[in-house]
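Chemist: Just the structure for this:
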Amino acid sequence: MRKYLLLLLAVAFLSSCSKDDYNNNNRYLPNYAFSINIDMSLPLYSQLQFTSSPVYIGQAGIGIRGIIVMNTGGGYTAFEASCPNQELSSCSTLEINGINAVCPCDDVEYNLFTGLATSEVEFPLKPYRVEIISENVIRVYN
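Modeler: Residues are numbered from 1 along each chain as shown. Got it, this is the predicted structure:
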């Protein structure tokens, strides 16, 4: 009976664990811990109050090459600003083009709503977590 109880507890514990999609296994992009509170009442981030207006945040220590944050109309997305399918180099910082991010190294476009590429590539954009703190403040972290 004791064995069955231990087995039941082990199964319950293992099934409660969830996959962490934010620390992906992209061989080009290391995982760095960071956290940033973004106050959308500041002029630098005021575009985030409007749907489909992405903002690049290139502060040191935020992501690898910075992050791109966008209001999706139903929440926010945040992605690493490094090309996910390129070695880190002088051309591997994504550029914003409307609701897409473009990698200057290979001209691959990634949708900022989903993080998926518009062409076939190995890795999508690296996502980060977004938490709504208040009406004007969000937190992006991993």
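Chemist: use CA for all of it now, contacts and neighbours both
Modeler: Will do.
Chemist: Could you state which residue of this structure sits nearest its centroid?
Modeler: Compute the mean C-alpha point of the chain, and by Cα atoms, centre = their mean the closest residue is P127, 2.2 Å away.
Chemist: what is that one paired to in the beta sheet?
Modeler: Beta bridges link P127 to F79, judged by DSSP bridges.
Chemist: One more: D39?
Modeler: Taking DSSP bridges as the rule, D39 bridges to V137.
Chemist: cool, A117 as well?
Modeler: Y110.
Chemist: distance of it from I132?
Modeler: From A117 across to I132, the span is 26 Å (Cα to Cα, to the nearest Å).
Chemist: Neighbour count: those two, which is higher?
Modeler: A117 (20 against 14; other Cα atoms under 10 Å).
Chemist: how about the nearest residue to L88, chain neighbours excluded?
Modeler: Leaving out its chain neighbours, the residue that sits closest to L88 by Cα to Cα, 6 or more residues apart in numbering is Y28, at 7.0 Å.
Chemist: and the one you found, what does it touch?
Modeler: Residues in contact with Y28 (Cα atoms under 8 Å, 6 or more residues apart in numbering) are P84, N85, Q86, E87, L88.
Chemist: Tell me where this protein has helices.
Modeler: Using DSSP state H, the helices of the chain run over 2-16.
Chemist: Buried residues of stretch 84-100, list them for me.
Modeler: Neighbour counts over stretch 84-100 (16 or more other Cα atoms under 10 Å) mark P84, N85, Q86, S92, T93, L94, E95, I96, I99, N100 as buried.
Chemist: what's in contact with that stretch?
Modeler: With Cα under 8 Å, 6+ apart as the test, stretch 84-100 has contacts from 26, 28-29, 52-54, 56, 65, 81-83, 101-105, 109-113, 121-126.
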